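# prediction below, plus the sequence it came from.
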Amino acid sequence: MRAASAPPTLYAWDIESGEGGVTDDLDAAVTNVDRALRGAVAGAGARIRMVVVSTYGTSEYIELGVVGEARREGGGVVWMDR
């Protein structure tokens, strides 16, 4: 459980082609990456990063680490880390 004053943990996902998004649900991030990579060219990659919103008055995310990486290979999506 996080402290009431702590910012929520979010998951930012980015596809090398430029598609991406942010969600508070890791399963949703995995689903979005998988769906996007299935429509991407072979070799395209993606990352899911755990982030929080900056509390320093700037509109940016602070990265806490990569929680998943995937790549489009052959006829499907291969997850290297999740």
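It's in.

# name the helices or strands packed onto the helix or strand containing residue 50?
Secondary structure assigned from DSSP states H and E places residue 50 in strand 45-53. Judged by 3 or more CB pairs under 8 Å, 6 or more residues apart in numbering; DSSP states H and E, strand 45-53 is in contact with strand 10-15, helix 26-38, strand 61-73. Placement of C-beta: from N, CA and C, glycine included.

# and that strand, which strands flank it?
Paired neighbours of strand 45-53 in the sheet (DSSP bridges): strand 10-15 (antiparallel), strand 61-73 (antiparallel).

# what does the shortest one rub up against?
This points to strand 10-15. With CB atoms under 8 Å, 6 or more residues apart in numbering as the test, strand 10-15 has contacts from 20-26, 28-29, 32-33, 36-37, 40, 44-53, 61, 63, 67.

# rerun at 10 Å
Here strand 10-15 makes contact (CB atoms under 10 Å, 6 or more residues apart in numbering) with 19-33, 36-37, 39-40, 44-53, 61, 63-64, 67-68, 70, 72.

# chain center to it: distance?
Computed by CA atoms, centre = their mean, to the nearest Å, the separation of strand 10-15 from the middle of its chain amounts to 2 Å.

# before we move on, what about stretch 70-78?
How far stretch 70-78 lies from its chain's middle: 16 Å, per CA atoms, centre = their mean.

# can you list the buried residues in that stretch?
For stretch 70-78, a neighbour-count test (16 or more other CB atoms under 10 Å) marks 70, 71, 72, 77 as buried.

# related to what we said a few turns ago, are any of the contacts of strand 10-15 buried, and which?
19-20, 23, 26, 29-30, 32-33, 36-37, 40, 44-51, 61, 67-68, 70, 72.
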